[in-house]
Each structure stands twice: as C-alpha cells, then as structure tokens.
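Chemist: What would the 3D arrangement of this be:
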Amino acid sequence: MARMRLLTAKKSKTVMEPAARPEKRPARDAGPGARGWTGRGGGMAALVPSVTEYRGTTVQVCGLWPFSSGASSPMIGVPLGRHEETQATVCCDPISWFQRARLISNPSAFILGKPGLGKSTLVRRMFLGLSAQGVNALVLGDLKGEHVKAVQALGGQVIKLGRGVGYLNILDPGQAVEVAQRLEEAGHHEAATRVRADAHGRRLNMVVSLITISRNNPPTDQEQTILDRALRVLDDRFDGVPVLKDLLDVIVSAPDELRQVALDRGDINVYLKETRALEATLLGLTGGGKLGEIFSRQTTNPMSRDRAVVFDVSTIDETETDLQAAVLLACWSYGFGTVNVANALADAGLEPRRNYFVVLDELWRALRSGKGMVDRVDALTRLNRSVGVGQIMISHTMSDLLALPAEEDRMKARGFVERSGMVICGGLPASEMPLLTQAIPLSRQEQQKLISWQDPPAWDSRGADVEPPGRGKFLIKVGGRPGIPVQIGLTSIERAEGLNDTNTRWHEPAAPLLDPAAAELPATGDAL
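Modeler: Numbers count the residues shown, from 1 in each chain. As a prediction, this is how the structure comes out:
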C-alpha cells in the first residue's frame, strides 16, 4: 500500500508539472538604445559628445533633413545678439514685432537698467537696424550726446540746443502752415484744418508746460483760457512767426477778446489782477529766469521729416534739472508735431508714407519737473499706434517713476511700463523687484538673473578694461511669457567707429599733480 501511494503521488506531481510551468516571454526587438548596444561587447557609450551646430536660413539648410530644428527665439526684427543660454540669434524691435511678427499689441518698449550697462547701446542697435528698413529715428533729446555719431553716420540731422548754442521757438508752428496750404491747394480742406488745429494745441500745451515747470504748479483754468485766446489773437494779427515776447505783448495790451474771457466786466483792474501772475511768468521765460532764453528766440535749425534727427542737448548742465525737463518736453512736442505733419501729407497722397522710431530718453527728468507733467507725457505715450510711430522710453529704475508726490501721478507713471508692448530690463538692484513685479510678472529665476547683472566687476582688475558681468545683457519680457535673455553683440564697424563709446572724456589720462622727476626721495640726512 505504501508503494502504491508513493507512485500515485509521483503521478499527481507529474500531472501538475505542465500547469505550473511559466509561459514563454516573447523575444525583445533587437536594436540599440539611446547610448548604443547594451550588454557585454555591445559598445554602449558612457558619454555622448555634443554635435557641432550650424545656423542658417530655411533656404540654405532646407536639404539637411532630418537634422534641422526651429529656433527657440524670434527671428523677426533687428538682430541684437545671442541668447544667453541657447546661443541662438535674438532679433527684436518694437516696430517689427508689432507690424510683422504680431507679437505685441502696440509698437512701444520700455527699458529699465542701472547706468553704464548698455541701455544706449541697445537703443542705437535698434534704430540702426530699423534705418535699413526705411524707418527714420527721432532721438528727441540726447542729454549726453550718445547718439550724435550714429545719426551722423546715417546722414541724419543734428540739432543742438543749449544756452548760447541753439534756440527752439515753442510758438513756431514748424511746417504746419506750409503743409496746410499744400493740402488746401490739393483740395483737402478738412486735413488742412486738422493740421492747423494740431499746431495750435501743441503750442498751447508747450506754453502751459513751461509755465508749470517755472512755477512747479500748473496754471489755473482761467489762465489757460487766456493763453488759448491770446494765441488765436496773435495768429490773426501777427505777420510772421511769433515768439514768447509777442505773446506777452498781446496779453499786456489787453484786447477785448482777452478781457471777455478774463471776465473783467469792463473793469481793467480786474483784468490786470487776473493776468499779473501770468505776465510775470512769461517775462521770466522771455529772458533770464531759471529756464533761460532757449525758448525766447526763433528756431535756429528747423527739423527735417525725411531723415534721422537727434536733438543734442548735452551742453545743458546736469544740475539744471528744470531746464533739462523743459527742453525734453519741447523736443518731444516738436518731434511729434513733425510726425503729424508727415502723416497728413501721406494720407493725402502728397508724400510717401514714413514711419518713425521715437526715442524718449531720461523719462524721469520730465516727470519730476512739476505737477501735471505726468498727464502730458501720458497723452504722448497713448498715441504711438495711431500716429504710426514706434516708441521706446528709457529710465533707470521703477523708483524713478514712482518717486512722485501724488498717488495718481505714481499710478500713471507705472502705467507707462504696463502699457508698453515689451519691457526690456538690464541689471537692477534687489530692492526694485517688488516694484517691478507689480507691473510685469517675473519668475524667481528671472529676478535673480537681473540682480546678478548689476554686480560690479572683480576687485582684482589690475587696471585692465574689465567690464561688469551684466554689461550688454538684457531680459526681454512680453506679457506673462518667459523672458528672453540676450547678450548684445557689437559689429566691427560699431567698434571701429566708436558709436557706442560714451566715456570719451575719460580716455586721456589725467596729468599728474606733481612732476615725477621732482617727486624723488630726499637725500640722506634731509628732513622727511
């Protein structure tokens, strides 16, 4: 019995063996992995070397299939330099990104960065590239003379303004009178009326701006009404181009038109009381005063509309902040008036269409010049798309824009950055990050990058020409998209011509205070 049970158990075991056997797995496909053949003798590489990359257009490399890939940065616009991480070419300018690439909603940009990190170089690269596309650069107020060489290289016009250097008559309608006559002769009467009205409004706003800077407060509503009527009387009665002295004479003469808007009720003493402060301010603008006589004479060099133009105001001292702000506003008003005239002629078919790239440098100086200046700059910044100009505004930090006494002015100043089609940031201190992130979104990595770019060079430079780590590096931000870090690259022509050298006054070494031959050690025994 025992033997039979053992055989039965063996038999049962034999029967169960086929069911317990695992199924056979299918053979894996033969082929190498990402690093080569695995296994002994397969030759799998522990390190894959990077392949040399070449860059070209789709026409040049269209046959290199499938070893081609698209660029990670925009390729429409003026070439600025290399992407800091991918080394790809970065092309960018407000006009191309608005008109051709459709990447921004309005052709404007705002540049922020500490001094000496290349903001002016970036602006020059943009308008030099745009000039090749037929866009005229208008540098409306160059406080340091940084863009004069570049505009001269383009065959443009240099207008110098300053004490004893050049004059800008703010009552000069410019080319508006001549253009209005051409439009009327061609049958465009409505366009001619608009040109005259724009010239009148521009002159009135400029007079009000100068009074605001001179007083540090805007004129009253009644004073503005008197000025408006005085300008109309001046246009009707004066033969030629008037100046501020002629406007003052009209107010002093007390014509009936002005007495009516002054509400003197037939009492000349009431009129004199209402216009006394206005006459005193205009008297200071016609000669002497803190604004000098720059605006009291005829314009020495009228502006052209068919070429690049720069207003060189570098002769004005840095300490004359009110005069600098007044000159900047006058240049901006004069420049935009010329743009409006050119657009009117183009709309009538009398001249070809011209686009302009307007550079508004040192924005903070104009904003701090007096109450009401923010509103006047705000009106300029809202018209760039409708008047057909690209616009770029430059300042140092957000603190410069927000250091205004009134809260409503600070909100409007921050709106300059928020409304810009793109914001380009250079090196900025860490204290600026909370203010900047309120206007544009910045990731933590982007904030750290901007902070690192504002560091000074190494201490042990030993007199060599060592640049700061953030010179020429900028972060291009458009809305909530990730920023594009770019390193500006200069061409050989830009370096040879010195177009980006803003330290020319530091080239020659200073003469030693003592003659080296006389500065010898005294002889032995002499008193030290």
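Chemist: what stretches of the stretch 401-528 of the chain score poorly on pLDDT?
Modeler: 458-466, 496-528 (pLDDT under 70).
Chemist: can you give me the helices for it?
Modeler: 407-419, 433-437, 444-453, 492-497 (DSSP state H, counting those that start in this stretch).
Chemist: now for those helices, which one comes closest to Leu282?
Modeler: With Cβ to Cβ as the criterion, Leu282 lies closest to helix 407-419 of the helices of the stretch 401-528 of the chain, at 25.7 Å. Every C-beta, even on glycine, is put in place using the N, C-alpha and C of the backbone.
Chemist: packing partners for the closest one?
Modeler: strand 108-112, helix 363-367, helix 373-381, helix 398-402 (3 or more Cβ pairs under 8 Å, 6 or more residues apart in numbering; DSSP states H and E).
Chemist: 10 Å instead, please
Modeler: strand 108-112, helix 363-367, helix 373-381, strand 389-395, helix 398-402, helix 433-437 (3 or more Cβ pairs under 10 Å, 6 or more residues apart in numbering; DSSP states H and E).
Chemist: what's the angle between it and strand 389-395?
Modeler: 120 degrees (axes from the mean of the first three to the mean of the last three Cα atoms, to 10 degrees).
Chemist: Now helix 407-419: buried residues?
Modeler: Asp409, Arg410, Lys412, Ala413, Arg414, Gly415, Phe416, Val417, Arg419 (16 or more other Cβ atoms under 10 Å).
Chemist: Likewise for stretch 447-456?
Modeler: Gln447, Lys449, Leu450, Ile451, Trp453, Gln454.
Chemist: what's the answer for stretch 478-492, then?
Modeler: Neighbour counts using 16+ other Cβ under 10 Å place Val478, Gly483, Ile484, Pro485, Val486, Gln487, Ile488, Leu490 of stretch 478-492 among the buried residues.
Chemist: any chance of the buried residues of helix 407-419 in TSV, plus distance to Val243?
Modeler: Shown next, in TSV, are the buried residues of helix 407-419 (distance: Cβ to Cβ, whole Å):
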residue	distance to Val243
Asp409	31
Arg410	36
Lys412	32
Ala413	33
Arg414	38
Gly415	36
Phe416	33
Val417	38
Arg419	36
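Chemist: hang on, Arg419 packs against Pro107?
Modeler: No - with contact defined as Cβ atoms under 10 Å, Arg419 does not count as touching Pro107 (11.9 Å).
Chemist: Report the contact partners of Asp375.
Modeler: Counting by Cβ atoms under 10 Å, 6 or more residues apart in numbering, Asp375 makes contact with Pro218, Glu408, Asp409, Lys412.
Chemist: and it, what pLDDT?
Modeler: Looking at Asp375, its pLDDT is 74.
Chemist: follow-up on the earlier one: pick out whichever of the buried residues of helix 407-419 sits closest to Arg35.
Modeler: Val417 (48.7 Å).
Chemist: From Tyr271, how far out is the closest one?
Modeler: 45 Å (Cβ to Cβ, to the nearest Å).
Chemist: all strands for the stretch 151-300 of the chain, in order.
Modeler: Listed in chain order, the strands of the stretch 151-300 of the chain (DSSP state E, counting those that start in this stretch) span 157-160.
Chemist: just for it, where's the confidence low?
Modeler: Residues of the stretch 151-300 of the chain that meet the cut-off, pLDDT under 70, sit at 288-289, 292.
Chemist: Taking helix 407-419 as reference, get the angle to the helix or strand where Phe357 lies.
Modeler: Remark: Phe357 resides in strand 356-360, with elements defined by DSSP states H and E. Here the directions of strand 356-360 and helix 407-419 differ by 140 degrees (the same axes, to 10 degrees).
Chemist: Give me the average confidence score over strand 356-360.
Modeler: The pLDDT scores in strand 356-360 average 89.
Chemist: what are the pairing partners of that strand, and which direction each?
Modeler: strand 136-142 (parallel), strand 389-395 (parallel) (DSSP bridges).
Chemist: Of those, which is nearest Arg297?
Modeler: strand 136-142 (19.1 Å).
Chemist: Could I get the buried residue list for the closest one?
Modeler: Buried, per 16+ other Cβ under 10 Å, within strand 136-142: Asn136, Ala137, Leu138, Val139, Leu140, Gly141, Asp142.
Chemist: May I see those residues organised as a markdown table, with distance to Arg82 and pLDDT added?
Modeler: Shown next, in a markdown table, are those (distance: Cβ to Cβ, whole Å; pLDDT from 0 to 100):
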| residue | distance to Arg82 | pLDDT |
| --- | --- | --- |
| Asn136 | 28 | 91 |
| Ala137 | 24 | 92 |
| Leu138 | 29 | 91 |
| Val139 | 26 | 91 |
| Leu140 | 31 | 87 |
| Gly141 | 31 | 85 |
| Asp142 | 28 | 87 |
